[in-house]
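Asks: Any chance you could fold what I've pasted below:
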Amino acid sequence: MKSEPEVYSITDLQQQGETIWDGVRNYQARNFLRQMQPGDLAFFYHSNTNPPGIAGLMRVVKTGIADPTQFDPNSTYYDPKSSLESPRWQTVVVEFVETFSYPILLSTLKEEFSAEELMVVRTGNRLSVMPVSLAVAHKILAMRFSSPTNNYELLGNRKL
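Replies: Numbers count the residues shown, from 1 in each chain. Model prediction:
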């Protein structure tokens, strides 16, 4: 799940504890949100920053929530075609789990994964929410203990 750190960062989530993941206005990303279940883990990806990358981990705590910003005419995410009776945009509530010691940079993700394995490395990918396979998730979780200069050198004897 992507967010621009100047809009909402992993540090913001850590300070708040949990938040509603609002403002998603892409039907494919919305459909991915609809598939989430309480207890699912999600990577927190900082986008539109230099350098972009996975900053931490969060957990889905509530699903099937109507995104309140779609009803607010003062919100940039307002959708006049959406109604309380038939909301077009659903979302989830997430809670903070962990900030990674070092962000896993997009450049590293591109070295480690193909576009078929991890959607975020696809050229032109603009989705703010995307699925990650279990095998790829395990590899990313192992990478979170890596130093920023060598993603293969694990620090200490830490294990998942």
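
Asks: correct me, but residue 108 touches residue 51?
Replies: No. Residue 108 is beyond contact range of residue 51, at 9.4 Å (criterion: C-beta atoms under 8 Å). (Glycine included, C-beta is placed from N, CA and C.)

Asks: Compare those two (neighbour count), which wins?
Replies: Relative neighbour count places residue 108 above the other of residue 108 and residue 51, with 19 against 11, counting by other C-beta atoms under 10 Å.

Asks: mind exporting the host helix or strand of that one as CSV, just the C-alpha atoms?
Replies: Under DSSP states H and E, the secondary-structure element containing residue 108 is helix 106-112. Only the C-alpha atoms of helix 106-112 are listed here, as CSV (Å, rounded to 0.1, in the frame of the first residue of the first chain):
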residue,chain,number,x,y,z
LEU,A,106,12.6,0.4,-5.2
SER,A,107,15.9,0.0,-7.0
THR,A,108,16.6,-3.1,-4.8
LEU,A,109,13.2,-4.5,-5.4
LYS,A,110,13.8,-4.2,-9.1
GLU,A,111,17.0,-6.1,-8.8
GLU,A,112,15.3,-8.9,-6.7
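
Asks: Give me the three-state assignment for the residue in the chain sticking out farthest from the centre.
Replies: Largest separation from the mean C-alpha position in the chain: residue 85, at 28.2 Å (C-alpha atoms, centre = their mean). Following DSSP: H, G, I helix; E, B strand; the rest coil, the label given to residue 85 is coil.

Asks: and if you look at residue 102?
Replies: The three-state label given to residue 102 by three-state DSSP is strand.

Asks: you'd agree it is up against residue 146?
Replies: Yes. Between residue 102 and residue 146 there is a contact under C-beta under 8 Å: 6.9 Å.

Asks: For the helix or strand that contains residue 44, which outside residues touch it?
Replies: Taking DSSP H and E as the criterion, residue 44 maps to strand 41-46. Taking C-beta atoms under 8 Å, 6 or more residues apart in numbering as the criterion, the residues outside strand 41-46 that touch it are 1-5, 9-10, 13, 36, 52-60, 94, 97, 103, 120, 132, 137, 140.
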